[in-house]
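Participant: next comes the sequence, and after it the predicted model I'd like to discuss.
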Amino acid sequence: MFLKKMRFNKALSAVAVGAMALGGQLSANAAETVPILLCPFGCGPMAGDTIMMNQLIKDGSDVVLLPQETPGYMYNIREMGRNERKQKSSVFKTEDTLIQVAYAGGSKEMKEFVPEPVQVPWKLLYGETWWAQGKFLGTYDCSLKTMSDLKGKRISLGLRGQSDWGVFPRLLLEEVFGITPDNTDIRHMSPAQLTQQLIDGATDAAIIPLGAEPNFKEFMIPGVVRQHEATGKKLCYIGVTKENIEQLNKKFQATWLHTVLPPNTLPHQSEPLGIGVNRAYAAVHESFDEEKAYKTVMAVAKIAPKMRELHALWRVWSPELMTCGLSDDNAHPGAVRAYKELGWWKQSDNPLCTPMTYPAAN
């Protein structure tokens with residue numbers, strides 16, 4: 001982590017030099033800076049939001065989001081839950097289902113990942129790429145057809161601080177299929193390590209990442225998938241049913257979505273594949289300043305079309321993606337004002353855009 005921070009600090013130094021080279025636009029325009037808690041150095045949102053910061057500076061935006069490296073989304077929600085200063089000043093990246101399962105923090109199912117409950121009705125600013133990893137798995141042993149077939153096998157997942165890569169698949173395996181560390185060899189490691197284990201045959205199944213948008217017409221295929229494709233070996237996929245996802249939702253009062261990927265969405269995917277999906281968001285505490293929330297959403301909405309050309313995560317951007325799952329109940333008032341001014345605040349007829357809800361607090 002120390003080396004990562006050194007690299008990140010160097011990266012931020014380079015960004016700062018770049019900002020100075022722009023003729024001091026940031027200070028000249030008296031832009032308001034807003035820290036945004038992201039994920040570890042090297043993660044997609046970290047790279048994307050650093051590019052966005054530069055573009056906001058170049059564009060003379062009156063708000064500039066400052067990317068902050070963190071251990072991951074699990075850290076973000078815990079840190080924001082206990083730090084009142086950050087609640088008033090910072091944006092953080094999260095997911096609808098993470099907000100929901102954090103309400104069960106400290107429970108038998110969640111204490112390994114969130115030791116204490118975080119029962120906060122966070123307010124959403126805008127939506128981002130949807131993520132499917134952890135709600136289906138990949139394997140080179142094509143005799144493994146269902147999640148139940150993995151009991152007693154070797155399964156490589158992401159770190160415990162990673163929601164999609166590490167935590168959500170554990171909840172799915174344990175709560176729906178009865179697969180636990182007691183009866184199965186479940187390993188937690190970095191995405192790079194688990195990918196290499198699967199390629200080397202050192203594990204039987206592992207996480208395969210996939211990003212999407214509300215209409216499932218555009219997909220973000222990460223480099224990890226291309227690594228598997230480059231091996232020339234047939235990669236098979238283990239999906240889930242709608243009933244599986246409904247069972248998980250019932251357990252945690254959550255809103256994971258189920259959809260079926262058309263054939264050939266992923267390499268070697270010859271059949272339709274059932275997957276679970278959760279929606280990613282930028283969120284704030286209800287005490288976050290309304291004017292600042294308004295300016296943040298307006299700045300992102302203005303720069304987003306340009307970002308589609310600059311970073312893979314933004315290629316699935318659309319106004320619908322920004323507002324999908326938002327409602328008067330769960331969105332920050334400043335964000336609602338911005339969307340109404342943009343003409344984007346309308347009820348979607350997309351069934352996957354049902355509003356994010358909050359579990360009942362204990």
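Facilitator: Thanks, I have the structure now.
Participant: for the spatially most central residue of the chain, grab phi and psi.
Facilitator: The geometric centre of the chain, computed from its C-alpha atoms, lies nearest to residue 280 (Cα atoms, centre = their mean), at 4.5 Å. Main-chain dihedrals, residue 280, degrees, to the nearest 10: phi -90, psi 150.
Participant: excluding residues flanking it in the chain, which one is nearest it?
Facilitator: Using Cβ to Cβ, 6 or more residues apart in numbering and skipping the chain neighbours, the partner closest in space to residue 280 is residue 128 (4.3 Å). C-betas here are computed from N, CA, C, even on glycine.
Participant: surely that neighbour meets residue 278?
Facilitator: No - the criterion here is Cβ atoms under 8 Å, and residue 128 misses it with residue 278 at 11.2 Å.
Participant: what sits against the residue nearest to residue 280?
Facilitator: 45, 93, 280-282, 313, 321 (Cβ atoms under 8 Å, 6 or more residues apart in numbering).
Participant: in a markdown table, list those residues along with distance to residue 204 and secondary structure.
Facilitator: Converted to a markdown table, the contacts of residue 128 look like this (distance: Cβ to Cβ, whole Å; DSSP: H, G, I helix; E, B strand; the rest coil):
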| residue | distance to residue 204 | secondary structure |
| --- | --- | --- |
| 45 | 30 | helix |
| 93 | 31 | strand |
| 280 | 29 | strand |
| 281 | 33 | strand |
| 282 | 36 | strand |
| 313 | 30 | helix |
| 321 | 35 | helix |
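Participant: which of those residues has the most neighbours?
Facilitator: For the contacts of residue 128, neighbours were counted using other Cβ atoms under 10 Å, and residue 281 has the most, 27 neighbours in all.
Participant: separation between it and residue 289?
Facilitator: Between residue 281 and residue 289 the distance, using Cβ to Cβ, to the nearest Å, works out to 18 Å.
Participant: and for residue 72?
Facilitator: Here residue 72 is placed at a distance of 26 Å from residue 289 (Cβ to Cβ).
Participant: tell me which of those two has more neighbours.
Facilitator: Taking other Cβ under 10 Å, residue 72 and residue 289 do not tie; residue 72 has more neighbours (23 against 16).
Participant: now that one, nearest residue through space, not along the chain?
Facilitator: Residue 72's closest residue in space is residue 161 (Cβ to Cβ, 6+ apart), at 3.9 Å.
Participant: my guess is the one you found contacts residue 76, does it?
Facilitator: No - between residue 161 and residue 76 there is no contact, the gap being 9.6 Å when judged by Cβ under 8 Å.
Participant: which of those two has more neighbours?
Facilitator: residue 76 (26 against 20).
Participant: that's a helix at the more buried one, yeah?
Facilitator: Yes - with DSSP: H, G, I helix; E, B strand; the rest coil as the criterion, residue 76 is part of a helix.
Participant: for it, what are its contacts?
Facilitator: 37-38, 70, 92-94.
Participant: repeat that for 6 Å
Facilitator: Counting by Cβ atoms under 6 Å, 6 or more residues apart in numbering, residue 76 touches 37, 70, 92, 94.
Participant: how close does residue 119 sit to residue 167?
Facilitator: As judged by Cβ to Cβ, residue 119 and residue 167 stand 17 Å apart.
Participant: no no, residue 350
Facilitator: 27 Å.
Participant: which one's more surrounded, the two?
Facilitator: Between residue 350 and residue 167, counted using other Cβ under 10 Å, the more crowded position is residue 167 (27 against 12).
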